[in-house]
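Peer 1: fold the following for me, if possible:
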Amino acid sequence: NAPTIDGIVSRLARLNDIGFVWDPLGEQWMENYGKLLAYVKEFDSALVPYHHEAEPGLGRWVSCQRISYKRRTLRKKQIRLLES
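Peer 2: Residues are numbered from 1 along each chain as shown. As a prediction, this is how the structure comes out:
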């Protein structure tokens, strides 16, 4: 039996109801962006040390974003967020 449109819509709705993450990499990026915003709010700078102890991995993530920006591999939305 081929799936019906109603069946597909129902399955999608159930997945959404349980909080299914459709874009895990995008969600992870936004989580790190939120950590960067908190860092900037606290320290008034986006120059996160590579080995920042309070938020392990944040400095590396920021470094990777700078590299991705230079290589022009960031999404436009990501660039807008980082530049704001």
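Peer 1: starting from Asp6, give me the distance back to Ser45.
Peer 2: Per Cβ to Cβ, to the nearest Å, Ser45 is found 53 Å from Asp6. (Glycine included, C-beta is placed from N, CA and C.)
Peer 1: I misspoke; the intended subject was Leu36.
Peer 2: 42 Å.
Peer 1: what helix or strand does the residue nearest in space to the middle of the chain sit in?
Peer 2: With distances taken as Cα atoms, centre = their mean, Trp29 lies nearest the centre of the chain, 1.6 Å away. Secondary structure assignment for Trp29, by DSSP states H and E: helix 24-43.
Peer 1: which parts of that helix are buried?
Peer 2: Neighbour-count burial for helix 24-43 flags 29, 32-33, 35-36, 39 (criterion: 16 or more other Cβ atoms under 10 Å).
Peer 1: and it, what does it pack against?
Peer 2: With contacts defined as 3 or more Cβ pairs under 8 Å, 6 or more residues apart in numbering; DSSP states H and E, the packing partners of helix 24-43 are helix 58-70, helix 76-83.
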